[in-house]
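Q: Just to be clear, the model below is a prediction. Sequence and coordinates:
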Protein chains: 2
Amino acid sequence: MRLSTYFLPVLKETPNEAQIVSHRLMLRAGMIRQSSAGIYSWLPLGLRVLRKIEGIVREEQDRAGAQELLMPTIQSAELWQESGRYDAYGPEMLRIRDRHDREMLYGPTNEEQITEIFRGLARSYRDVPKILYHIQWKFRDEIRPRFGVMRGREFLMKDSYSFDTTADGARRAYYKMFVAYLRTFARLGLKAIPMRADTGPIGGDLSHEFIILAETGESQVFCHKSFLEKDPLALGLDYAADLKPVFDDWTHDYAATEEMHDAAKAAALGDDLVTARGIEVGHIFYFGTKYSKPMGATVAGPDGQPVTLEMGSYGIGVSRLVGAIIEACHDDNGIVWPESVAPFKVGLVNLKSGDAETDGMCEKLYAELTAAGVEVLYDDRDERAGSKFATMDLLGLPYQLVVGPKGLKDGVVEIKARAGGDRETLSPEAAIARLTA
Amino acid sequence: MRLSTYFLPVLKETPNEAQIVSHRLMLRAGMIRQSSAGIYSWLPLGLRVLRKIEGIVREEQDRAGAQELLMPTIQSAELWQESGRYDAYGPEMLRIRDRHDREMLYGPTNEEQITEIFRGLARSYRDVPKILYHIQWKFRDEIRPRFGVMRGREFLMKDSYSFDTTADGARRAYYKMFVAYLRTFARLGLKAIPMRADTGPIGGDLSHEFIILAETGESQVFCHKSFLEKDPLALGLDYAADLKPVFDDWTHDYAATEEMHDAAKAAALGDDLVTARGIEVGHIFYFGTKYSKPMGATVAGPDGQPVTLEMGSYGIGVSRLVGAIIEACHDDNGIVWPESVAPFKVGLVNLKSGDAETDGMCEKLYAELTAAGVEVLYDDRDERAGSKFATMDLLGLPYQLVVGPKGLKDGVVEIKARAGGDRETLSPEAAIARLTA
């Protein structure tokens, strides 16, 4: 993509409505624009990141055997009356009346709707186990939306729902999603720690939040320092195997949010206790028959008798993650994207637009890298070098490939790694080899 | 994907709420489930088709130089008051009050919102030309939603918006989208005919509808028979070139919907006149300053003076297309998907589940085809052959690969092409070669 034609409105000034760093950087980097309070448009650069996160979330759901469907945003109130949550949910639910004065709502979550679907279409114990998920926009009418996409009103969530006929089966689903979440956050470049959690309005008796550590996190968290060393991607992965040992390994050390904090247990850790700020990026629940029972969601068991379905639900805040990743990955100059979610891998900086040799080399590098499948943002504008460097640092692409007349005289270009700032001077051919490796 | 574990609830009976063939077939094939009137959940099989269509639409937009962003579903009423459409739009607009009693709405289209974005972020004539698009759920509160996804209330639309400083520039954008639409529909396996159209509530003075012909179409259309022979994919494509000759070539012969029909012109065609039923799948508009003027969307011209932006908008009904393609592509036994949008390319039919040799060959074919990137739906269930064939015909995958003990004794399997029904008996190796070619 050429910056001269890309719709990437970088802001020079820091917008003063933004209270936290991710919100400021997303506005400055031209990733989002506020539409109304807590509701954002995703500009091209921001949408690229959102889609990359969504893609990784999807891959790990599919790998765990979950199947994707898509439920609509607008639901009938009747469903929520069946479960008893319609009155309980409160003013965060955006309630709507359609032209026939029917009560509708913009879904804040989908337990009722998926239960209705499964109730209507599954017949027998042979139709389970199943984990179904969708990635869809939700709405929660926060009283004071703030922190940009971290706490917006309209937000993108991946929510999965598991169906089983036994509690054991439901726990197996829970372990699968637990492991899938560990893998997902690790692939996003985050260190996420599962913490025993309150079940809140979703209900149930087993629940974990996945918390990433960031200095700017929204709440205080406590954990054993062992979590900082663990790497979920190092696990040999077999979703057909018993995953309880993995679950046990990731839950036996102390880890808790403020609400669930046990000061005595924490104190017992001594020097092994880590106290930090955290951001919630995922939440999983096993709630048994909380929805299936009032809604009459059963399948025929092997003996022909109806069995009430055991269910769980599993959420990841996809749009929230864009902000959360920035909170965890930035410096004074801007964003420092993990490579897996960076909007482009390489920022190609032309130090002298208009100079025939520099332009020619940039075009050649742009064409060859693009042909090799590397995503390149080419700053081909007629701007000062300092301004171009500042923009590239702000945007946070993993690599800057810098091309100028002085280097070209010696037959070299420069690669700068955004994280750490290491610079390397090398031939254009070697640069291509490095960036396509 | 193995049918034994796939969430694919095929219905044996024809649902009697469905009045048209695509709606019936989508329900029977387990593609969708009604959530409430005119609002559907997309089950896994249906979602696969929706995503493939979306992918082709996106590729052709990108190829034409349009840039993707994503606007939210919920908009502020203020925007629509600025343009004057808030009161004009009528009861099809889903109007909402949030918890602070602010007037909001579920976007039925996005002219106002994109104009606000561009007004806020573009500064100078150097920021144009631009074509921006998004693929997002819309809501139109139809008084009598019907025909399944063909006329739903919540629907997925791709809408693009062009910004230029001159009418000539705006026309160039219009021609680009015109050509992109011809290509898009052709790649979807459809013959779409551009017809001069009324501009309706969007406004403007130049507009074309893209109509596909289907016996079950919603309205009468008339065109020169020359359109039936034209192939947009045969065009040498260069979006940098002047596309007016292409536009002229595709618009000089008579083609009109009922509303724009000119009986005298049609009669003059004599035997060259085709009268048929049509389905609208796309609609493009050039409306100049209709929104930019009341909303004050200007950029600085080369002389520093503000220039009011010239705009157009360009819509494709992505979810509607799923139904429209089925209306155009089905027979008495079910759907006949064009290969480009088929949910899977191959349906692998195991004629004797439980037979070691048959199971073994099916597993081998499934593994090898999948490894080669071919999407296979493997019917591994313990069902009668007749039932499996009927299901595969209903689902409409382009190829059925049939494996049974009798054929295996002779070292052969069978490939049936769903369109046309041609059958071929060949070795498993030859079958793999054919299906991966």
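A: Perfect, thanks for sending it. Residues are numbered from 1 along each chain as shown, chains lettered A, B, ... in the order given.

Q: Residue numbers of the stretch 51-200 of chain A in contact with chain B?
A: A:65, A:67-76, A:91-92, A:94, A:96, A:98-99, A:102, A:104, A:106, A:113, A:116-117, A:120-122, A:130, A:132, A:137, A:139, A:141, A:143, A:153-154 (C-beta under 8 Å from any C-beta of the partner chain). Glycine gets a C-beta too; all of them are placed from N, C-alpha and C.

Q: Now with 7 Å, please.
A: A:67-76, A:91, A:94, A:96, A:98-99, A:113, A:117, A:120-121, A:130, A:132, A:137, A:139, A:141, A:143, A:154 (C-beta under 7 Å from any C-beta of the partner chain).

Q: Among those, which lie within helices?
A: A:113, A:117, A:120-121 (DSSP state H).

Q: Now the buried members of those.
A: A:113, A:117, A:121 (16 or more other C-beta atoms under 10 Å in any protein chain shown).

Q: For chain B, give me its nearest residue in the stretch 101-250 of chain A.
A: Nearest to chain B, among the residues of the stretch 101-250 of chain A, is residue A:121, at 3.9 Å (C-beta to the nearest C-beta).

Q: So what's the residue count around the residue nearest to that residue when sequence neighbours are not counted?
A: Sequence neighbours aside, residue B:9 is the residue nearest to residue A:121 in space, at 3.9 Å (criterion: C-beta to C-beta, 6 or more residues apart in numbering or on different chains). Residue B:9 sits with 21 neighbouring residues when counted by other C-beta atoms under 10 Å in any protein chain shown.

Q: and if you look at the one 10 residues further on?
A: Taking other C-beta under 10 Å as the criterion, the count of residues near residue B:19 is 10.

Q: cool, the one 10 residues further on as well?
A: Other residues near residue B:29 come to 24 when the count uses other C-beta under 10 Å.

Q: quick check: mean pLDDT across stretch A:191-211?
A: Throughout stretch A:191-211, pLDDT has a mean value of 83.

Q: do stretch A:129-143 as well
A: pLDDT averaged over stretch A:129-143 gives 97.

Q: what comes up buried for that stretch?
A: A:129-142.

Q: So which of those are in strands?
A: Among these, the members found in strands (DSSP state E) are A:130-139.

Q: which two in those residues are spaced the farthest apart?
A: Farthest pair in these (C-beta to C-beta) is A:130 and A:139. Separation: 26.5 Å.

Q: Are stretch A:377-392 and chain B in contact anywhere?
A: No - counting by C-beta under 7 Å from any C-beta, chain B has no neighbours in stretch A:377-392; the shortest distance is 9.4 Å.

Q: Is it correct that residue A:261 falls within a helix?
A: No - using DSSP: H, G, I helix; E, B strand; the rest coil, the assignment for residue A:261 is coil, not a helix.

Q: So it is in contact with residue A:222, correct?
A: Yes - when contacts are counted by C-beta atoms under 7 Å, residue A:261 is listed as touching residue A:222 (5.7 Å).

Q: These two: which has the busier surroundings?
A: The neighbour count for residue A:261 versus residue A:222, taken as other C-beta under 10 Å, is higher for residue A:222 (22 against 15).

Q: does the more buried one sit in a helix or strand, and which one?
A: Secondary structure from DSSP states H and E places residue A:222 in strand A:219-224.

Q: hmm, who's touching whichever helix or strand comes after that strand?
A: Where DSSP H and E defines the elements, the next helix or strand beyond strand A:219-224 is helix A:244-251. With C-beta atoms under 7 Å, 6 or more residues apart in numbering or on different chains as the test, helix A:244-251 has contacts from A:175, A:178-179, A:182, A:194, A:235.

Q: Pull out the buried positions in helix A:244-251.
A: Residues A:246-247, A:250 are the ones in helix A:244-251 that count as buried (16+ other C-beta under 10 Å).

Q: gap between that helix and the chain center?
A: Centre-to-centre, helix A:244-251 and its host chain are 23 Å apart (C-alpha atoms, centre = their mean, to the nearest Å).

Q: Need the CA coordinates for it. PDB is fine.
A: Provided in PDB are the C-alpha atoms of helix A:244-251 (Å, rounded to 0.1, in the frame of the first residue of the first chain):
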ATOM      1  CA  LYS A 244      -7.300 -31.900  32.400                       C
ATOM      2  CA  PRO A 245      -3.500 -32.200  33.200                       C
ATOM      3  CA  VAL A 246      -2.900 -29.000  31.100                       C
ATOM      4  CA  PHE A 247      -5.800 -27.200  32.900                       C
ATOM      5  CA  ASP A 248      -4.400 -28.300  36.300                       C
ATOM      6  CA  ASP A 249      -0.900 -27.200  35.400                       C
ATOM      7  CA  TRP A 250      -2.200 -23.700  34.600                       C
ATOM      8  CA  THR A 251      -4.500 -23.400  37.600                       C
END
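
Q: picking up where we left off before, from the chain's centroid, how far away is the strand holding residue A:222?
A: Relative to where its chain is centred, strand A:219-224 has its mean C-alpha point 20 Å off (C-alpha atoms, centre = their mean).

Q: average pLDDT for it?
A: On average, strand A:219-224 scores 94.

Q: What pairs with it, parallel or antiparallel?
A: Using DSSP bridges, strand A:219-224 pairs in its sheet with strand A:255-257 (antiparallel), strand A:273-288 (antiparallel).

Q: any chance of these in CSV, plus distance to residue B:315 and mean pLDDT?
A: Converted to CSV, the strands paired with strand A:219-224 look like this (distance: least, C-beta to C-beta, whole Å; pLDDT from 0 to 100):
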stretch, distance to residue B:315, mean pLDDT
strand A:255-257, 46, 92
strand A:273-288, 35, 95
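
Q: Just put the ones you listed in TSV and tack on mean neighbour count.
A: Listed next are the strands paired with strand A:219-224 as TSV, based on neighbours: other C-beta atoms under 10 Å in any protein chain shown:
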stretch	mean neighbour count
strand A:255-257	22
strand A:273-288	21
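
Q: I'd like these as a markdown table, with distance to residue B:29 appended.
A: Shown next, in a markdown table, are these (distance: least, C-beta to C-beta, whole Å):
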| stretch | distance to residue B:29 |
| --- | --- |
| strand A:255-257 | 45 |
| strand A:273-288 | 32 |
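
Q: wait, which of the ones you listed is closest to residue A:166?
A: strand A:273-288 (10.6 Å).

Q: Export that closest one to CSV, keeping only CA atoms.
A: In CSV, the C-alpha atoms belonging to strand A:273-288 read as follows (Å, rounded to 0.1, in the frame of the first residue of the first chain):
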residue,chain,number,x,y,z
LEU,A,273,4.1,-13.1,44.4
VAL,A,274,3.7,-10.8,41.5
THR,A,275,1.3,-7.8,41.9
ALA,A,276,0.5,-6.0,38.7
ARG,A,277,-2.1,-4.2,36.7
GLY,A,278,-4.2,-6.4,34.4
ILE,A,279,-6.6,-6.2,31.5
GLU,A,280,-9.3,-8.8,30.9
VAL,A,281,-9.3,-10.1,27.4
GLY,A,282,-11.3,-13.3,27.7
HIS,A,283,-13.8,-15.0,30.0
ILE,A,284,-15.0,-18.6,30.1
PHE,A,285,-17.9,-20.1,32.0
TYR,A,286,-19.3,-23.5,32.7
PHE,A,287,-22.9,-23.0,33.8
GLY,A,288,-24.5,-26.4,33.3
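
Q: Pull up the gap between residue A:211 and residue A:5, please.
A: Distance, residue A:211 to residue A:5, using C-beta to C-beta, to the nearest Å: 41 Å.

Q: of the two, who's got more company?
A: Applying other C-beta under 10 Å to residue A:211 and residue A:5 shows that residue A:211 carries more neighbours, namely 32 against 16.

Q: Once you drop chain neighbours, what's closest to residue A:397?
A: residue A:347 is the one closest to residue A:397 (C-beta to C-beta, 6+ apart), at 4.2 Å.

Q: for the record, mean pLDDT for the helix or strand that contains that neighbour?
A: Element membership of residue A:347 [criterion: DSSP H and E] is strand A:346-350. When pLDDT is averaged along strand A:346-350, the result is 98.

Q: Nothing else from me, thank you.
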